[in-house]
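*Asks:* I'll drop the sequence and a predicted model, then ask my questions.
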Amino acid sequence: MNELSSGRGALSTSPNRLFLVFRIGAERFALQATEIAEVLPRLALKPIAQAPHWVAGVFAHRGALVPVIDISALTFGQPAAERTSTRLVLVHYRIDVRRPDLLLGLILEQATDTLRCNPADFHPYGLDNRQAPYLGPVREDELGLLQRIEVADLLPEEVRALLFPLQPEGEGRA
């Protein structure tokens, strides 16, 4: 009998994925767990001069500088509330195949819950919000709408260039 017919492989073929659920005010959002590298408490950050107000700063993490953005400030213009449930979530920022190890920090409010569901349960919500391309499809449940955040679409090109400047050929990280 093979694994699938015996039922032992059922979990590995499940379409369900794990999501971290967080809030911006009363609104719920989700981040796919495979995007997450690490969840940290909120840390002190060094501000970045001339950056947009929603770029919270930078911090040193395991020998690398990691830029951090405040998702609340980016989305609705208000910085994340200082709560014990506000987290600094490091995500894999996969925008350049030559630099697969890039991390981006996200300040997320009430980032304490998880949800396991099928990604196909999220559907386009019919708005063309070009100012916020990172706001992905939505899923409806008993608590209302839950909107997925698309990590690769978080930063506009000019902010990406500020936070992740291209290194000249032959130069490594310091």
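*Replies:* Received, thanks.
*Asks:* OK, contacts around residue 102?
*Replies:* Neighbouring residues of residue 102 by Cβ atoms under 8 Å, 6 or more residues apart in numbering: 92-96, 164. Every residue, glycine included, has its C-beta placed from N, CA and C.
*Asks:* same thing with residue 104?
*Replies:* 66-69, 90-91, 93, 151, 154-155, 163.
*Asks:* Let me have those residues in CSV, extended by distance to residue 24, pLDDT and neighbour count.
*Replies:* Shown next, in CSV, are the contacts of residue 104 (distance: Cβ to Cβ, whole Å; pLDDT from 0 to 100; neighbours: other Cβ atoms under 10 Å):
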residue, distance to residue 24, pLDDT, neighbour count
66, 21, 97, 21
67, 20, 98, 23
68, 16, 98, 24
69, 13, 98, 21
90, 19, 98, 20
91, 16, 97, 23
93, 20, 94, 25
151, 16, 95, 21
154, 14, 95, 22
155, 17, 95, 22
163, 21, 94, 20
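*Asks:* Quick check: can you name the pairing partners of the longest strand along the chain and their directions?
*Replies:* The residue-count maximum for a strand in the chain (DSSP state E) belongs to strand 103-117. Sheet pairing of strand 103-117 (DSSP bridges) gives strand 17-24 (antiparallel), strand 64-70 (parallel), strand 87-92 (antiparallel).
*Asks:* Backbone torsions only: list them for the most centrally placed residue in the chain.
*Replies:* For the chain, the residue nearest the mean C-alpha position is residue 151 (4.8 Å; Cα atoms, centre = their mean). Backbone torsions of residue 151, given as degrees, to the nearest 10, read phi -60, psi -40.
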